[in-house]
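Colleague: Please work out how this folds:
(one chain, ligands or ions: 1)
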Amino acid sequence: MVSSPEPGAPDTAMEDTVNELVERGQDLVDSILDRAPFQSIVDKIQAGAPVWFQDDEGLSPLHAAAYIENAELLKYLLDEGAVWNAVDNLHNSAGDVALSLNNEECYTLIRDAGIRSEMLLTLLSKRDVQIESPYSLVLKASDTTAAGSTDTFLTSKLRYTTDEHGQDICLLTLEDGEEVGVMMGWERGIMQQTVRKLCSDHPNLSRGLKVLNIGFGLGIIDSLFQVLLTPPSEHVIIEAHPDVLQHMRETGWYDKKGVTILEGKWQDHIEALHIPGFDVVYTDTFSEDYLELHKFFEILPDLLEGPESRFSFFHGLGAMNALFYDVYTHVSEMHLADVGVDVEWSEVDVFADTRERWGKTREYFALRLYRLPIGKMRTV
Ligand SMILES: C[S@@+](CC[C@H](N)C(=O)[O-])C[C@H]1O[C@@H](n2cnc3c(N)ncnc32)[C@H](O)[C@@H]1O
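Modeller: Numbering: from 1, shown residues only. Down below sits the predicted model:
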């Protein structure tokens, strides 16, 4: 019979197991860094050394293999279940290590493991399999604060203001009183490029484009649509937050010619929108996770009028880290290809506009280059 320890008494058997795993894990990391022969690493793992281990500095066996640039070992560790997106105490993943060493082979191995894992997890979550996986990146937000949950966000207070740099901002007050940006003026450059790619050489521009935008925020992109050479013939905006809708009322958006504002979540309006078909569709919501964007991708073909129609979305997925951003660039491209939409990417340098100026408001987008997607229906 197995006896459990008295309540409150230390579970020494458990402690011994944990200590042993830590020792084996540390030995695995050290052996890899010491460039021990491949077979001896395999033997250690087969004998129970944990591939998911991270030491006090957050270093995992995968980080170690990336540091010694051993592609064969990286592949083996990934096959054995190493966590592709584990980050060390400096927030670097093994992929970032490979990238910093300019080792394309090692980087691609880790990135592709990330892509496979995220694709698989999207598939499972569509089948309603509950996933709490360390391998999932931004697939399903477990954040229930207003920054990560739409329902909490929609009942939170927003504030439109101008910061000390003269930047227009829309701020959200979190439960603990901290304010985070919903939309920032520094994103204007991205919005300008997006509108240029979506509209400037669109064959239907001269008759006035039929535009659908989801998420008004500061109204940057909607204002840019309005000042096109020929203004949109139809401009539908779906916006869910009551404070944003109030701001739109105060700034005259309800009275603009050709503008229709649908109040509420896009999820509640989209069915009714299938019929007309749009020349241009853009989406940039706040606080929604990748699964919601993926659902949007699946209905996108019904929203686009034809092969000349164009689609874009604000690609901030995984933008705290170069590897994660790359993985989500590929995952979104593959999911769009699944629904018959081919994407072309271009880059926007978001530091071009003096980095220091935007300070903390740039924290959720840590990279220099924004990847701008433009999707079109594939013609057969
Ligand atoms: C980042 S802002 C959009 C900024 C906009 N692209 C611009 O150029 O200013 C996101 C907006 O999406 C809205 N939003 C969030 N979830 C939504 C949903 N499910 N349906 C419609 N709007 C939503 C938010 O209220 C917010 O106004």
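Colleague: For the stretch 101-250 of the chain, what lies in contact range of the ligand?
Modeller: 150, 182-183, 191, 214-221, 238-241, 244 (C-beta under 6 Å from any ligand atom). Just so you know, the C-beta spots here come from the backbone N, C-alpha and C atoms, and that holds for glycine as well.
Colleague: likewise the stretch 251-380 of the chain?
Modeller: Near the ligand, when you scan the stretch 251-380 of the chain using C-beta under 6 Å from any ligand atom, you find 265-267, 284-286, 288.
Colleague: and which of these is nearest residue 340?
Modeller: Nearest to residue 340 out of these is residue 266 (C-beta to C-beta; 20.4 Å).
Colleague: Near the closest one, how many other residues are there?
Modeller: By other C-beta atoms under 10 Å, 21 other residues sit near residue 266.
Colleague: Over to the one 3 residues further on?
Modeller: In terms of burial, residue 269 registers 16 neighbours under the definition other C-beta under 10 Å.
Colleague: Okay, and it sits in which element?
Modeller: Using DSSP states H and E, residue 269 sits within helix 266-269.
Colleague: same deal with residue 295?
Modeller: helix 290-303.
Colleague: Take that helix, keep the C-alpha atoms, and write them as CSV.
Modeller: The C-alpha trace of helix 290-303 is given here as CSV (Å, rounded to 0.1, in the frame of the first residue of the first chain):
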residue,chain,number,x,y,z
TYR,A,290,-5.3,34.5,-32.4
LEU,A,291,-8.3,32.1,-32.3
GLU,A,292,-10.6,35.0,-32.9
LEU,A,293,-8.5,36.3,-35.8
HIS,A,294,-8.4,32.8,-37.2
LYS,A,295,-12.2,32.7,-37.1
PHE,A,296,-12.2,35.9,-39.0
PHE,A,297,-9.9,34.4,-41.6
GLU,A,298,-12.5,31.7,-42.2
ILE,A,299,-15.3,34.0,-43.1
LEU,A,300,-13.0,36.4,-45.1
PRO,A,301,-13.7,34.9,-48.5
ASP,A,302,-17.4,35.8,-48.1
LEU,A,303,-16.5,39.4,-47.3
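Colleague: now that helix, how far from the centre of its chain.
Modeller: Remark: helix 290-303 is offset 15 Å from the chain centroid, using C-alpha atoms, centre = their mean, to the nearest Å.
Colleague: what does the next helix or strand after it contact?
Modeller: Next helix or strand after helix 290-303 toward the C-terminus (DSSP H and E): strand 310-313. With C-beta atoms under 8 Å, 6 or more residues apart in numbering as the test, strand 310-313 has contacts from 194, 197-199, 202, 279-284, 293, 296, 300, 304, 332, 341, 372-376.
Colleague: Let's see that with 6 Å instead.
Modeller: Residues outside strand 310-313 that contact it (C-beta atoms under 6 Å, 6 or more residues apart in numbering) are 194, 198, 280-283, 373-376.
Colleague: Tell me which two in the residues you listed are the farthest apart.
Modeller: Pairwise across those, and taking C-beta to C-beta, the largest span is found between 283 and 376, at 15.7 Å.
Colleague: neighbour count winner among the two?
Modeller: Taking other C-beta under 10 Å, residue 283 and residue 376 do not tie; residue 283 has more neighbours (21 against 18).
Colleague: Any chance of the backbone angles for the nearest residue to the more buried one once chain neighbours are set aside?
Modeller: With C-beta to C-beta, 6 or more residues apart in numbering as the criterion, residue 283 has its nearest non-adjacent residue at 4.2 Å, and that residue is residue 214. Phi and psi for residue 214, reported as degrees, to the nearest 10, are phi -110, psi 120.
Colleague: Next: residue 261.
Modeller: phi -110, psi 120.
Colleague: same question, residue 65
Modeller: Phi and psi for residue 65, reported as degrees, to the nearest 10, are phi -70, psi -30.
Colleague: Quick one: classify the closest residue to residue 318 other than its chain neighbours as helix, strand or coil.
Modeller: Nearest residue to residue 318 in three dimensions, chain neighbours excluded: residue 324, at 3.1 Å (C-beta to C-beta, 6+ apart). Put simply, residue 324 is helix when judged by DSSP: H, G, I helix; E, B strand; the rest coil.
Colleague: Please identify the buried residues of stretch 194-210?
Modeller: 194-195, 197-199, 202, 204-205, 208-210 (16 or more other C-beta atoms under 10 Å).
Colleague: In helices, which of the residues you listed fall?
Modeller: Counting by DSSP state H, the buried residues of stretch 194-210 place 194-195, 197-199 in helices.
Colleague: what's the closest of these to the ligand?
Modeller: Of all these, the ligand sits closest to residue 194, with 8.7 Å by C-beta to the nearest ligand atom.
Colleague: Tell me which residues touch the closest one, please.
Modeller: By C-beta under 6 Å, 6+ apart, residue 194 lies in contact with residue 312.
Colleague: Nice, that's everything, thank you.
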